[in-house]
Structures are given as C-alpha cells and as structure tokens.
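S.K.: okay, structure incoming, though there's no sequence with it:
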C-alpha cells in the first residue's frame, strides 16, 4: 500500500494556509445559512428541494415506503453497520504488514466524526431551527401512510443534519486517506447520498442542513488530516498497544 503524504513533509506555511482558507470558507458557508443572508441565498432553494421530494410521498406510492424505511431507526442502525463493514473490509483486504497503519487511518476518521457529533450536540444542539416538517405545513407526512412504526418528519433543531454530517466526514476521510482505493471512495459517496436524501423528502431536514452542515464540518475537520500527524499519533498508539497483546494475536497483523 502506498503511504499517504505525511503532514511533516508538507511545508508549515502550506499547512497553515490550508487551515485558514478552509476555516474561512466554512465560516462563510455557515454565515450564509445562519444569518439574514439565508433568505436571499438559500431559502428559495430549500423550499423547492423539499416540495419536490416531498411530492413523491403519496398514499399508494412505492417511494413512500422507501422514504419511510430510509427514515427509520432500523435504517439508521443499518448505515452504521454498513460503515463498519466498509472499515472491516479495508482492514482485512490490506496486507498484514500494513494493517496497523490502515486502522490508524480509520481511527483518525472516527476521531473527527466523534468531535463533529460532540460539537453538534453540545454546541448547536439547542439552536432553534425548525425543519420543513414544521415550517412548511401542510405537507405530505410519511406517518399518515405507514403502519407499525413512525419516523421523524419534523424537529425544532434540524441544523446540522447529523447523519449527513457523519457520512460526509466518513466519505471525505476515505477519499483523503485511501486514494488508492477509488471503489471504496465511490461506495462511501453513494452511502452518503443514500443517508442524506431521505431526510429531505421526509421533512426532518432542509437541504442546507445537509449541504451546509456537512460541508462546514468537512471544511473545518478534514484538513487536520493534512495539518497535523493525527494518523501517525494513532499509529504509534496502536503499535504500542499491539506489543502488549499475546504473540499469536500479533501474527494476524503481521507484527511478530
């Protein structure tokens, strides 16, 4: 496996410029959505996207059942399992001598996702931002056409879209750290789309919850994979821990 460029090999000036540019872009993106600029930039698009997708929710439509399933808790759990299986596949399909490094890369992506979720829950979790299911009533409510379970079609604080944000960070991290596996990157992007769009159709999120929330998170967090040696730190930690496990387990990763 060809190693990813190390942050240490990138000039400090380039890393600082990257961080500043990405942070400024994220701030501009957030300001366009969370200030009075929203009405002129995003509001019309948000409304059109929701009305267009929500119009596919009909009493007897196949898409209604699809939107219902993809907005359910079962689907949420399934997407987590899908990401986990992608990670397991990446590790197991890697040569044993490179598995610790690969796990460090996956650990770095996971760390960034956890930071994003923490900020989302603690930092903006109480931010009042009614979803289209509250702001654009009446609408076609999926729960009116399904039985046996209910799905979230409205919320008082829809920004950011946590599912879209985490799937975007996952896809972005895979693209950055596993450039020699384009098929895995493609699968991660498809998973991101598959996770994000149902929320737009059901009424739980606006288009900007997805594009701005996920985009800002990626702009702020993903550059740290290039700015600091996060992968190397986790790699060192994993190697230290691996030396503590029994020898017969070490052979699994090719680290005698």
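M.R.: Right, received. Where do you want to start? Remember, it's a predicted structure, so these values are computed and weren't measured experimentally. Residues are numbered from 1 along each chain as shown.

S.K.: which residues in the stretch 101-250 of the chain form helices?
M.R.: Applying DSSP state H, counting those that start in this stretch to the stretch 101-250 of the chain gives helices spanning 132-135, 162-177, 182-202, 207-221, 224-227, 230-242, 247-250.

S.K.: wait, which of those helices is closest to residue 119?
M.R.: helix 207-221 (8.3 Å; C-beta to C-beta). In this view, the C-beta of every residue, glycine as well, is placed from N, C-alpha and C.

S.K.: residue ranges with poor pLDDT in the protein?
M.R.: For the chain, the stretches with pLDDT under 70 are 1-10, 123-127, 244-256.

S.K.: ok, which of the helices of the stretch 101-250 of the chain comes nearest residue 96?
M.R.: helix 247-250 (10.0 Å).

S.K.: wait, which of the helices of the stretch 101-250 of the chain is closest to residue 85?
M.R.: helix 182-202 (10.2 Å).

S.K.: report the buried residues of that closest one.
M.R.: The neighbour-count check on helix 182-202 (16 or more other C-beta atoms under 10 Å) flags 184-185, 187-189, 191-192, 195-202 as buried.

S.K.: just to revisit the earlier point, and the helices of the stretch 101-250 of the chain as JSON lines, adding distance to residue 15?
M.R.: Below are the helices of the stretch 101-250 of the chain laid out as JSON lines (distance: least, C-beta to C-beta, whole Å):
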{"stretch": "helix 132-135", "distance to residue 15": "40"}
{"stretch": "helix 162-177", "distance to residue 15": "14"}
{"stretch": "helix 182-202", "distance to residue 15": "23"}
{"stretch": "helix 207-221", "distance to residue 15": "15"}
{"stretch": "helix 224-227", "distance to residue 15": "5"}
{"stretch": "helix 230-242", "distance to residue 15": "12"}
{"stretch": "helix 247-250", "distance to residue 15": "34"}
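
S.K.: can you tell me which of the ones you listed is nearest to residue 105?
M.R.: Nearest to residue 105 among the helices of the stretch 101-250 of the chain is helix 162-177 (4.3 Å), distances taken as C-beta to C-beta.

S.K.: now do the closest one: distance to the chain's middle.
M.R.: Its chain's C-alpha centre and that of helix 162-177 lie 4 Å apart, by C-alpha atoms, centre = their mean, to the nearest Å.

S.K.: can you list contacts of it?
M.R.: 4, 76, 79, 83, 86, 105, 108-109, 112-113, 116-117, 120, 181, 184-185, 188-189, 191-192, 195-196, 199, 205, 209-210, 213-215, 217-218, 221-222, 225-226, 231 (C-beta atoms under 8 Å, 6 or more residues apart in numbering).

S.K.: then stretch 26-39?
M.R.: By C-beta under 8 Å, 6+ apart, the list of residues contacting stretch 26-39 reads 41, 42, 159, 208, 212, 215, 216, 219, 220.

S.K.: in PyMOL, how would I select the buried members of the residues you listed?
M.R.: Per 16+ other C-beta under 10 Å, the buried members of these correspond to this PyMOL selection:
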select buried, resi 42+159+208+212+215+216+219+220
